[in-house]
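Engineer: The following block contains a protein sequence and its predicted model.
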Amino acid sequence: NYNLAVVEEGDQVIFLHKVVPGGADRSYGIHVAQLAGVPRPVIHRAEELLAQLESGEFRPGTPAPRPYQPVLFADEHPVVEELRELDISTMTPLEAINVLYELQRRVKE
């Protein structure tokens, strides 16, 4: 086994670009991920999981908490269907303005 020599200063890890014989005393995957630009929320979750593993709290097969997932497509407003069904080619300009006024009023409610 070989590993990269490192120097640890607090929570900082400095990779010395030197291969040395023997196994590493710990994993530096999270530090490598930070250097690679992995998004901070992913790094934070990895740190949480590592802390659970190291403390013995982690139980394989335990589902992870579901992250918040924002709604990408909200339900359509009922006015949208009415707009689709309008045949504007048969309306006079005044009728079109009146229909738009009414639809706009309903959307604002």
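Structural biologist: Looks like it arrived, so ask away. Not measured: the values here are computed from a predicted model. Numbers count the residues shown, from 1 in each chain.
Engineer: Show me the shaky parts of the protein.
Structural biologist: Scanning the chain for pLDDT under 70 picks out 58-60, 62, 64-65, 68, 71.
Engineer: Would you mind finding the longest strand in it?
Structural biologist: As assigned by DSSP state E, the longest strand anywhere in the chain is strand 12-21.
Engineer: what are the ranges of the strands in the chain?
Structural biologist: Counting by DSSP E, the strands of the chain are 2-9, 12-21.
Engineer: Contacts only, for Val19.
Structural biologist: Counting by Cβ atoms under 8 Å, 6 or more residues apart in numbering, Val19 touches Tyr2, Asn3, Leu4, Ala5. Just so you know, the C-beta spots here come from the backbone N, C-alpha and C atoms, and that holds for glycine as well.
Engineer: Run a quick neighbour tally on the residue nearest to Pro78 when sequence neighbours are not counted.
Structural biologist: Take Pro78 and drop its neighbours on the chain: the residue closest to it by Cβ to Cβ, 6 or more residues apart in numbering is Arg106, 7.9 Å away. Neighbourhood size, Arg106 [other Cβ atoms under 10 Å]: 12.
Engineer: ok, Arg106 touching Val99?
Structural biologist: No - here Arg106 lies out of contact with Val99, judged by Cβ atoms under 8 Å, at a distance of 10.9 Å.
Engineer: how about the longest strand of the chain: buried residues?
Structural biologist: Of the residues in strand 12-21, Val13 count as buried by neighbour count, 16 or more other Cβ atoms under 10 Å.
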